[in-house]
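# A predicted structure for the sequence below; I have some questions about it.
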Amino acid sequence: MTQGAFELTYASMYQPPQELHDAFESALKTFAADGAQEHPLWIAGKPVHTEERLDKRSPADLDTTIGRFSVASLRDADAAMAAATGAARSWGLTPWRERVAIIRRAQQRIQARMYEIAVAVSREVGKNRVEALAEVAEVVDFCKIYCAQMEAHEGFDRVLPSDPVPGMHLTNRSVMRPYGVWVVIAPFNYPFALAAGPSLAALVAGNAVVLKGSLATPWSGVLLAECLHEAGVPAGVFNNIVGDGPGIGAALVTDDRTGGVTFTGSHAVGRGILAHQASRFIPRPCITEMGGKNSAIVLPGADLDAAAKGVARSAFGMGGQKCSALSRVFVHEDIADDLIGRVAEFVKTLVIGDPLERGTFAGPLATENGYRNFGRYCEQLAGSARIVMGGHKPDMPRRGQYVANTLAEADASHPLWSQELFCPILLVGRVKSRDEAMQRANAVPYGLTAGFFGAEEDIPWFMDNIEAGVTFANRSLGATTGAWPGYQPFGGWKASGNTGKGLASFYYLPQYMREQSRTIARAS
Ligand SMILES: NC(=O)c1ccc[n+]([C@@H]2O[C@H](COP(=O)([O-])OP(=O)(O)OC[C@H]3O[C@@H](n4cnc5c(N)ncnc54)[C@H](O)[C@@H]3O)[C@@H](O)[C@H]2O)c1
Ligand SMILES: N[C@@H](CCC=O)C(=O)O
């Protein structure tokens, strides 16, 4: 989102202009939370109210309900698949320029409703207002990028030379065609961006979509469905259902009518979905974006103030509930005390509180599960690590899922070094050399993001050796977090993702299409 010269991204979000706050405040007033408001599923171009409803509680105040959400049954999931199957053929045959025009209208609808969507995202996830606004702005950029890529590649339709056969004229073409119905499974932490990003790519490529978001964050998908409907996406081409993973999600990804799947979520679930798609008699494409256990390396020569800010922002932003969150820092022993002191000082300035308030850095944890896990991890650390700060659940004016930013030093053998925690816990390890730091950074199965702070001449060594899909050096705005479409393609290596291609990169969109070679022979 651009306001004057200001462009809102996850890196620029720390100092947004006053107009952005004013517009958010005004949306807060007009788009008030009405706990009794009913939110439907969207199937076959229509809102569908179901018998089963979920009263969604605010993670910031568990005594407040933010809306009543229809929950899909297996019959609703089947209806969504049937609607998408019925609509897929004509959408796939719609000229790509028309599809691009519709997605551009969707971009305008999302832009026009940006502040109210951000209010909803902030309320359901508990993320602060700028994180929420940036999440919506990211979707605007996904629309722009995928439409521009279709145009730049002329709809991925290429005329090829005639082959040299005497007495015959052969016309050759390569066209990229959609798979049919694409199932998108989204996580709770970026319920708008990670539902919209894959859905928009699938749609512009000509697939019909069935989206299933997380039960923990059911609102974003409804708003996305409304925007796409307002933009004129034909009935059945985009369907949104809300339901549990093992029941409704599994039904979608195993359905015979599914043509391809994009899953964003934990490794435990993603791996199973990927195995299923690969083992079918007709294997299906499957894009999995999974967990992370991201590290930063800090070496002598680093600007330690910049490092402290970058480390704290990426470890504790959004309560550590980013797949890109920093959870391990390896710092050279000569500068370790200095870095730890600066991180602790900076963290004291970060406000934990009501996510809708202007000054809040981090709100509550989004899920009950995450809140419980945080307590468990802190108990584990209490007996076996040096807790520098945090390690508890703070007293707050409201009964929300609030936790303290936690920094701890633990032995290399501690089990929390290798497990994704998804809460604001940062482990620090002292190292004797840059090679020891690299060895420990790479000694986990994940490979999503990584950061480095140190001398310019060490940056190529870091980027050439680190096993991660997204790398940053000397970035105080976030050591490992805050990739933005068009600037930093975002995708994981190793157990963090199976395709090796980042969201919004040049290589992403073609994954939603399959190539057809077309040769026509005529006598010459
Ligand atoms: N790599 C990335 O780009 C990226 C981005 C965001 C989040 N994540 C990861 O997501 C995780 C946090 O999100 P979460 O807790 O919502 O993840 P999760 O795996 O629990 O759930 C993700 C989605 O999968 C659904 N699901 C669960 N079981 C299923 C099944 N058997 N079949 C089909 N669908 C099923 C859930 O209902 C939800 O919609 C973290 O591991 C985080 O690192 C990764
Ligand atoms: N794209 C976000 C992370 C999304 C995953 O949770 C970032 O780069 O920080």
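Great, that's in hand. Everything numeric here is computed off the predicted structure, so don't read it as measured data. Ligands and ions are numbered 1, 2, ... in the order given.

# and residue 310, how far is that from residue 407?
14 Å (CB to CB, to the nearest Å). C-beta coordinates here come from the backbone N, C-alpha and C atoms, glycine included.

# who has more neighbours out of these two?
Higher neighbour count among residue 310 and residue 407: residue 310, with 31 against 25, using other CB atoms under 10 Å.

# are we agreed that the more buried one is in a helix?
Yes. With DSSP: H, G, I helix; E, B strand; the rest coil as the criterion, residue 310 is part of a helix.

# using the three-state scheme, assign the residue lying closest to it once chain neighbours are set aside.
Closest residue to residue 310 apart from its sequence neighbours, by CB to CB, 6 or more residues apart in numbering: residue 479 at 3.9 Å. Counting by three-state DSSP, the backbone at residue 479 sits in coil.

# dump the residue contacts of residue 479.
Contacts here follow CB atoms under 8 Å, 6 or more residues apart in numbering; on that basis residue 479 touches 296, 307, 310, 311, 313, 314, 315, 326, 451, 453, 472.

# how about these in a markdown table, adding pLDDT, secondary structure and distance to ligand 2?
Shown next, in a markdown table, are the contacts of residue 479 (pLDDT from 0 to 100; DSSP: H, G, I helix; E, B strand; the rest coil; distance: CB to the nearest ligand atom, whole Å):
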| residue | pLDDT | secondary structure | distance to ligand 2 |
| --- | --- | --- | --- |
| 296 | 99 | strand | 14 |
| 307 | 98 | helix | 18 |
| 310 | 98 | helix | 12 |
| 311 | 98 | helix | 14 |
| 313 | 98 | helix | 10 |
| 314 | 98 | helix | 8 |
| 315 | 98 | helix | 12 |
| 326 | 98 | strand | 10 |
| 451 | 99 | strand | 11 |
| 453 | 99 | strand | 18 |
| 472 | 98 | strand | 10 |
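
# drop anything exposed from those residues.
296, 307, 310, 311, 313, 314, 315, 326, 451, 453, 472 (16 or more other CB atoms under 10 Å).

# can I get those residues in CSV including distance to ligand 1?
CSV is the format used below for these (distance: CB to the nearest ligand atom, whole Å):
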residue, distance to ligand 1
296, 17
307, 24
310, 20
311, 19
313, 17
314, 14
315, 14
326, 13
451, 16
453, 23
472, 16
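
# in the sheet, which strands lie alongside the helix or strand encompassing residue 429, parallel or antiparallel?
Assigned by DSSP states H and E, residue 429 belongs to strand 425-431. Using DSSP bridges, the strands paired with strand 425-431 are strand 326-332 (parallel), strand 406-410 (parallel).

# quick one: which of those is nearest residue 505?
Counting by CB to CB, residue 505 lies closest to strand 326-332 out of the strands paired with strand 425-431; the figure is 22.2 Å.

# then that closest one to CSV, C-alphas only?
C-alpha atoms of strand 326-332 as CSV (Å, rounded to 0.1, in the frame of the first residue of the first chain):
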residue,chain,number,x,y,z
LEU,A,326,14.0,-16.1,14.8
SER,A,327,14.4,-18.7,17.5
ARG,A,328,18.1,-19.3,17.7
VAL,A,329,21.0,-16.9,17.9
PHE,A,330,24.6,-18.0,17.6
VAL,A,331,26.9,-15.2,18.8
HIS,A,332,30.7,-15.1,19.0
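
# next one: that strand to chain centre, how far?
Put simply, strand 326-332 sits 23 Å off its chain's centre (CA atoms, centre = their mean, to the nearest Å).

# for stretch 416-425, list the C-alpha coordinates in CSV.
The C-alpha coordinates for stretch 416-425 follow below in CSV (Å, rounded to 0.1, in the frame of the first residue of the first chain):
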residue,chain,number,x,y,z
LEU,A,416,14.3,-26.8,22.5
TRP,A,417,17.1,-26.0,20.1
SER,A,418,15.7,-28.2,17.4
GLN,A,419,11.9,-27.9,17.8
GLU,A,420,9.7,-25.2,16.3
LEU,A,421,8.2,-23.3,19.3
PHE,A,422,6.0,-20.7,17.6
CYS,A,423,6.0,-18.4,20.6
PRO,A,424,8.3,-15.6,21.8
ILE,A,425,11.2,-17.7,23.1
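
# for that stretch, buried residues please.
For stretch 416-425, a neighbour-count test (16+ other CB under 10 Å) marks 416, 417, 420, 421, 422, 423, 424, 425 as buried.

# among those, which two are most distant?
417 and 424 (16.3 Å).

# and residue 404, how many residues sit next to it?
Using other CB under 10 Å, residue 404 has 18 other residues around it.
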